[in-house]
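> kindly generate the corresponding structure for this input.
(2 chains)
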Number of protein chains: 2
Amino acid sequence: MPAPALAPDSVGVVTPRRQFFEGPLPLASGAQLSGYELVYETYGELDASRSNAVLVCHALNASHHVAGLHEGDAGSVGWWDNMVGPGKPLDTRRFFVIGVNNLGSCFGSTGPMSINPATGLRYGPDFPVITVEDWVHAQARLADVLGIERFAAVMGGSLGGMQALAWSILYPARVAHCIAVASTPKLSAQNIAFNEVARRAIITDPEFHGGRFYDHGVVPRRGLQVARMIGHITYLSDDVMAERFGRMRRGRAEGDGYDFGFEVEFEIESYLRYQGEKFSTYFDANTYLLITRALDYFDPAAVHGGDLAAALAPASAQFLIASFTTDWRFSPARSREIVQALLANRRAVTYAEIDAPHGHDAFLLDDPQYHALLRSYFERVAATLA
Amino acid sequence: MPAPALAPDSVGVVTPRRQFFEGPLPLASGAQLSGYELVYETYGELDASRSNAVLVCHALNASHHVAGLHEGDAGSVGWWDNMVGPGKPLDTRRFFVIGVNNLGSCFGSTGPMSINPATGLRYGPDFPVITVEDWVHAQARLADVLGIERFAAVMGGSLGGMQALAWSILYPARVAHCIAVASTPKLSAQNIAFNEVARRAIITDPEFHGGRFYDHGVVPRRGLQVARMIGHITYLSDDVMAERFGRMRRGRAEGDGYDFGFEVEFEIESYLRYQGEKFSTYFDANTYLLITRALDYFDPAAVHGGDLAAALAPASAQFLIASFTTDWRFSPARSREIVQALLANRRAVTYAEIDAPHGHDAFLLDDPQYHALLRSYFERVAATLA
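Below is the predicted model of the structure:
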């Protein structure tokens, strides 16, 4: 079957690139990575003044593959393809967009599945715990290699938004605009609780083997499935779950009686199992632990006695903060905390609370109001370019 | 160490009783239980006119042991001891209170751990799937044995409240007052989703052995732990979790740096692991599956095309419906659905939405407003007694 014709507003077929870094990368934990590789993609053209670069940071299970397709794989649409492309809100005719797979992830950058040069074996559980700030420092080195002194914008949703915020604090001179969607200045106890249950499901899976499952030729897929199912519940709003699944059952009408068993019966069960099974075939269990820990640990205000305004004081970017009304993972209240802290510093900040039914997942969807907001914000950014 | 002196308002030391039923119990699934046992406790005295009996129905992990202590076990305080006793809201000086362990549970009534007379082996996964309505029919037979024609009240919280509602529909002449706290007329897709993830954690635990773990001398404790951890997240409000645990860490102050590992670090992790581990030492995995399925299936309106008012039309009891503002498992909106359906039937209904921070768990706690409400309601019930 021939691949479908690419939509005119797609960036088309893209090829990931790799960049090896030789010098050691000091990490927040005190550990060092001596030599590491980052996989990245770019879309659009860097302009002569190198001023039109936008860094897109990814969340838990995404990657450097933000937009377009990979050669010969019609199913490989980038995770934010509806946002990034010619004529899309982040318009690749104006901007040079970069997606980077984070350190510790499992899509090509150095992570637990990589060979530890010190042992000649896969890192597995020896891969150091990474923080959001570590990612930002690694991304900054990639920016150096690409010759980008200052980003027109650093943007991301959820965990990606945390990276954008960290960029604005750690490298204020290198970020003109910071865009954080559906994000939070730190995880709540409930957020950490969900992460912890997911981690326990993975760690207590006998096929996890203390993180050395690669050596046993197995994958802790049961743990990964449960972890992903928990995640999906928190990504969707109660409303959208009710609308999409309600109490619908497979092959039965309401009032039709039950199966009286524990196999898939309700549509929501089918959906969650499918999502869990799919995830367990491609995602690395050690990466899941690392990235959820990075989420738990993100809290730039902690070293300022909890004062978020003090934490954000170094930032000089202009900010776009956006949240979704039905997001109960990182609710609008969490975004408003960021806005308040920015206003306390008299920073330029645009805030939008978007009335969307989809919960946390909304940041990945092409809600018209949301996309119109991003489009007009990027038009404003483009207008400031040389 | 001597047992602590019993508080003057305790029902004191109580002894569970057993009742064997010989006749078959037809179940909603079409299966039958031929001969079964119910374990129950009673507190207070049945009056001469047999009109002062109150049935207390339990939720997922509770039992017949509602109040008081078991002989020689100072730690065995009943699960609703703050509600039931002399001088307590449900005053055992006025009422004869009955707690029954539900069929399929694991605290003495016939369930998956019991011997199947047909095989001489434990039922395990062959124990039939039970519904809320099945429980009510079994409880009605116990009431027959005890000579109770009509209950002054049938009450319960959460799943217990569903049983109270089912009583009012199935045996209208036998229920003077129906009290359903923190309950719902049916589970939402999100509620079912959480149940399903918990079940998957249990079923995919290699030590579950298709429900025949008893024969292998093991317990799927990892699955039970994860299931219980998920449950606990849904029982607590986000607010109370933030207040009790926040981002506090064990042995570290805020801003003190992290452990950079996956052991218990945040207090919320410690709490959840402790709850999970404790639960896995005493709760039966097959029972967990059965009871969560009974929750999923409860939907008295389903056979009426979703019309809850039609489902409740047979009920002739007076109703007390109560909910808690921060309960996100069965939110006040779910209780209001019940109230609306009762009002559509012109039933006498008292509704209270209690401003309590504790989430779903609040129904088990002694919030003063909540207990005052129940106390005054039971005073009203008592005033109608002979």
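> which strand in chain A has the most residues?
For chain A, the longest strand by residue count, based on DSSP state E, is strand A:32-43.
> for A:Met155, which non-adjacent residue is spatially closest?
A:Ile179 (3.6 Å; C-beta to C-beta, 6 or more residues apart in numbering or on different chains). Yep, even glycine has a C-beta here, placed from its N, CA and C like the rest.
> quick one on the thing from earlier: now do the next helix or strand after the longest strand of chain A: which elements does it pack against?
Next helix or strand after strand A:32-43 toward the C-terminus (DSSP states H and E): strand A:53-57. Packing contacts for strand A:53-57, counted by 3 or more C-beta pairs under 8 Å, 6 or more residues apart in numbering or on different chains; DSSP states H and E, involve strand A:96-100, helix A:132-146, strand A:153-157, helix A:159-170.
> sheet-wise, list the partners of strand A:53-57 with their directions.
According to DSSP bridges, strand A:53-57 forms sheet pairs with strand A:96-100 (parallel), strand A:153-157 (parallel).
> so which of the ones you listed is the most packed in?
Among the strands paired with strand A:53-57, ranked by average contacts under mean count of other C-beta atoms under 10 Å in any protein chain shown, first place goes to strand A:153-157 (a mean of 28).
> pick out the residue nearest the middle of chain A.
With distances taken as C-alpha atoms, centre = their mean, A:Ala59 lies nearest the centre of chain A, 1.1 Å away.
> quick one: it from B:Gly305, how far?
Plainly put, A:Ala59 is 42 Å away from B:Gly305 if you go by C-beta to C-beta, to the nearest Å.
> circling back: any idea how far the longest strand of chain A is from the chain center?
16 Å (C-alpha atoms, centre = their mean, to the nearest Å).
> just to check, A:Gly305 is in contact with A:Ala311?
No - taking C-beta atoms under 8 Å as the definition, A:Gly305 is not a contact partner of A:Ala311, at 9.8 Å.
> ok, those two, which is more surrounded?
Ranked by neighbour count (other C-beta atoms under 10 Å in any protein chain shown), A:Gly305 and A:Ala311 place A:Ala311 first, with 23 against 11.
> is the closest residue to A:Tyr370 other than its chain neighbours bridged to anything, and to what?
Residue nearest to A:Tyr370 in three dimensions, not counting chain neighbours: A:Ile354, with 5.0 Å by C-beta to C-beta, 6+ apart. Counting by DSSP bridges, A:Ile354 forms beta bridges with A:Phe324.
> ditto for A:Val39
Going by DSSP bridges, A:Val39 is paired in beta bridges with A:Arg18.
> for it, list the residues it contacts.
A:16-18, A:63-64, A:100-101, A:107-109 (C-beta atoms under 8 Å, 6 or more residues apart in numbering or on different chains).
> surely A:Tyr377 touches A:Leu320?
Yes - shown here, A:Tyr377 and A:Leu320 form a contact pair, counting by C-beta under 8 Å, at 5.1 Å.
> what touches both of those two?
Shared contacts of A:Tyr377 and A:Leu320, counting by C-beta under 8 Å, 6+ apart, come down to A:177, A:179, A:350.
> and the second one, how many neighbours does it have?
Spelled out, that is A:Ile179. Around A:Ile179 there are 30 other residues, counting by other C-beta under 10 Å.
> host element of it?
Taking DSSP H and E as the criterion, A:Ile179 maps to strand A:177-181.
> angle of the next helix-or-strand element following that strand against helix B:189-203?
Next helix or strand after strand A:177-181 toward the C-terminus (DSSP H and E): helix A:189-203. Angle of helix A:189-203 versus helix B:189-203, following axes from the mean of the first three to the mean of the last three C-alpha atoms, to 10 degrees, is 30 degrees.
> helix A:189-203: what's the following helix or strand?
Remark: after helix A:189-203, the chain's next helix or strand is helix A:221-235, criterion DSSP H and E.
> quick one: A:Tyr351 is in a strand?
Yes - membership of A:Tyr351 in a strand is supported by DSSP: H, G, I helix; E, B strand; the rest coil.
> who's in contact with it?
A:Tyr351 sits next to A:320-322, A:335-336, A:339 when contact means C-beta under 8 Å, 6+ apart.
> next, format the strands paired with strand A:53-57 as a markdown table and append mean pLDDT.
Output for the strands paired with strand A:53-57, formatted as a markdown table (pLDDT from 0 to 100):
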| stretch | mean pLDDT |
| --- | --- |
| strand A:96-100 | 98 |
| strand A:153-157 | 98 |
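> let's have those in a markdown table, adding distance to B:Gly35.
Output for those, formatted as a markdown table (distance: least, C-beta to C-beta, whole Å):
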| stretch | distance to B:Gly35 |
| --- | --- |
| strand A:96-100 | 65 |
| strand A:153-157 | 58 |
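> on that earlier part again, of A:Tyr377 and A:Leu320, who's got more company?
Neighbours were counted for A:Tyr377 and for A:Leu320 using other C-beta under 10 Å; A:Leu320 has more, 24 against 21.
> let me know the pLDDT of that one.
Listed pLDDT for A:Leu320 reads 98.
> up against chain B, what does the stretch 1-150 of chain A have?
A:28-31, A:128-129 (C-beta under 8 Å from any C-beta of the partner chain).
> list the contacts of A:His304.
Shown in contact with A:His304 (C-beta under 8 Å, 6+ apart): A:310-311, B:255.
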